[in-house]
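Chemist: Fold the following for me, if possible:
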Amino acid sequence: MNMLLLQPTDVLFFRDGRPMNGSLAGHTAAWPLPDVTNHALHAALHRAGLDGVHAHRRGRSGQYSENAEHRDRKFGSLSTAGPFPVYGEDRWFFPRPKDAQANGSVEVTLRPARLAPQAGNDHPWPGSSLPNPLKYAVANTRPPEKEAGGEPWISADAFSAYLQGHAFADAAHFLRDECIADKEASLGIAIDPDTQTAGQGDAAGQIYTAHYLRLREGFRLGMFAEAMDKMHGDKSGKCDLLKILLNGHPAQIVVGGQQRICTTVLTTRASLPIPHGLTDGFNTTTEKADKRWLVKWILLSLAVWPEIPAMKKDGTAQNPHPGGWLPNWVFVNSDSQKGETVPYERNGRVLLTTGPGVRKSQRTHSIAGRPIAARLVAAIVPKPLVVTGWALPSAANPQRAANGGAKSTHLAVPAGAVYYFEAYSGEDAVALATALNWHGETKGAEIKNRRSTLLGEKGYGLGVCGTWKPFGDVP
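Modeler: Below is the predicted model:
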């Protein structure tokens, strides 16, 4: 994938769907979500007026329009990841894992506390508030203290040391938000959309407060992107549209709201500067008769796992799932399935396979992969982040044909969340890591896995694997 470095020429403005009236500033100066920079590149490709670009039909889930005039959707091949803070040329920063909460360190301070299941009980801790299907609570290994949590950003080198279980104590590799950017507040006067003037119509007497993000000297937004597509209908002649757009020279791209400009430079690398997850060498439990391989997965970017109802819109039944903090590829005995008897060891099992799933193998006439024998046993999940936006008028959507409208609102699991798994063999542990690491089994030149059910093409669901040790057996 291409590596893009975005240098703002002014302050940046990023907002979500929260109101901006009077003293309410909304959420306008946070680090931009991955879909913001994806939309910026998508809009830049449209503005470029490229000739011979492949156009797609409207529709989804196999229900496409047969009208040739509806073949007007372009740049569906755009795939991005990021943005992440970058200092200088090559020091990339990523969100701190939530199980390492010591300032200036990557020491793991939170560990799952293991308990053996009690006879005749489906849960090892009867009466606990652990949500289904978690098996262990996560305990703090340090004494209680008033200040909790370390710096929210750590460098790629520090993150790699964390995954390897090594010590790392260079203060320059641990940053707080104010070290990366400042927040600037400003008052504005609302503008009437019909007359484009202030003080008239619905905007009469209205003011708003906005916060702006000003990156500190030396910092830029770093991201990865590609848009491999065929030109002039030639299936064998695919090319990267982003290289055509930037043409080896810095280009100006509108990023975020209020037409803010970033100067963008495109480069390529043999290996992406994202921390690489472990692929083997995982810790194991001490039990000989019931040995388990211990794998943890840390999110580098947000993930969205929606609720799946028991009935489809057409009235047919499907497997329900609560979604939210729980990945859709982890089985859970939900409320709608309480009448079903689910074995304790089956609840929380991973639904991923070592290769193509059954439906994909049927489409491609390939051999289906075998299930990965592993289960989710613990998790550290911070408060969700709101992912929403506003859509422009669209003739393809009757509800937004005239004035546009609000996009669907999702509650995303933040980056830094940690999910703990027990694999039933060393082979399954390696297969699980291959399925969860963003680089898969490659050496890191491309992004293979995006484990978010929604918005994966926009950079959601990137993660890396490490290993974990239990806090200790509790009597």
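
Chemist: Got phi/psi on P95?
Modeler: phi -60, psi 140 (degrees, to the nearest 10).

Chemist: So what pairs up with it in the strands?
Modeler: Listed beta-bridge partners, P95: W153 (assigned using DSSP bridges).

Chemist: Look at it and report its pLDDT.
Modeler: Note for P95: predicted pLDDT of 97.

Chemist: can you check D473 too?
Modeler: Taking D473 on its own, its pLDDT is 53.

Chemist: Tally up the residues packed near the nearest residue to A270 once chain neighbours are set aside, please.
Modeler: Sequence neighbours aside, A445 is the residue nearest to A270 in space, at 6.1 Å (criterion: Cβ to Cβ, 6 or more residues apart in numbering). Every C-beta, even on glycine, is put in place using the N, C-alpha and C of the backbone. Residues near A445, counting by other Cβ atoms under 10 Å, number 13.

Chemist: Contacts only, for A445.
Modeler: A445 makes contact with 1, 269-272, according to Cβ atoms under 8 Å, 6 or more residues apart in numbering.

Chemist: Export these to CSV and append columns for neighbour count, distance to A148 and pLDDT.
Modeler: Converted to CSV, the contacts of A445 look like this (neighbours: other Cβ atoms under 10 Å; distance: Cβ to Cβ, whole Å; pLDDT from 0 to 100):
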residue, neighbour count, distance to A148, pLDDT
M1, 19, 36, 85
R269, 13, 36, 82
A270, 7, 40, 81
S271, 12, 35, 87
L272, 21, 32, 93
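
Chemist: pLDDT below threshold where in the stretch 51-200 of the chain?
Modeler: Applying pLDDT under 70 to the stretch 51-200 of the chain flags residues 57-72, 115-128.

Chemist: just the strands in the stretch 51-200 of the chain please.
Modeler: 55-56, 59-60, 63-64, 73-74, 79-87, 91-95, 110-113, 137-140, 153-155, 174-175, 181-189, 191-192, 197-198 (DSSP state E, counting those that start in this stretch).

Chemist: okay, now the domains of the protein?
Modeler: Following automatic domain parsing, one gets these domains for the chain: 2-96+174-268, 110-148+276-475.

Chemist: ends of the first one, how far apart?
Modeler: The first residue of domain 2-96+174-268 is 5 Å away from its last residue (Cα to Cα, to the nearest Å).

Chemist: Any stretches of the stretch 201-350 of the chain with poor pLDDT?
Modeler: 203, 205, 233, 334-346.

Chemist: quick one, what contacts R451?
Modeler: Taking Cβ under 8 Å, 6+ apart as the test, what R451 contacts is 303, 327, 329, 436, 461-463.

Chemist: hey, where'd the helices end up in the stretch 1-150 of the chain?
Modeler: Per DSSP state H, counting those that start in this stretch, the stretch 1-150 of the chain carries helices over the ranges 34-48.

Chemist: before we move on, what about the stretch 301-450 of the chain?
Modeler: Using DSSP H, counting those that start in this stretch, helices in the stretch 301-450 of the chain cover 358-364, 426-436.

Chemist: In PDB, list the C-alpha atoms belonging to the longest one.
Modeler: Yep, that's helix 426-436 we're talking about. The C-alpha trace of helix 426-436 is given here as PDB (Å, rounded to 0.1, in the frame of the first residue of the first chain):
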ATOM      1  CA  GLY A 426      -0.300 -24.600  19.200                       C
ATOM      2  CA  GLU A 427      -1.500 -25.000  15.600                       C
ATOM      3  CA  ASP A 428      -4.800 -23.300  16.400                       C
ATOM      4  CA  ALA A 429      -2.900 -20.400  18.200                       C
ATOM      5  CA  VAL A 430      -0.900 -19.800  15.100                       C
ATOM      6  CA  ALA A 431      -4.000 -19.900  12.900                       C
ATOM      7  CA  LEU A 432      -5.800 -17.500  15.200                       C
ATOM      8  CA  ALA A 433      -2.900 -15.000  15.100                       C
ATOM      9  CA  THR A 434      -2.800 -15.300  11.300                       C
ATOM     10  CA  ALA A 435      -6.500 -14.600  11.100                       C
ATOM     11  CA  LEU A 436      -6.300 -11.600  13.500                       C
END
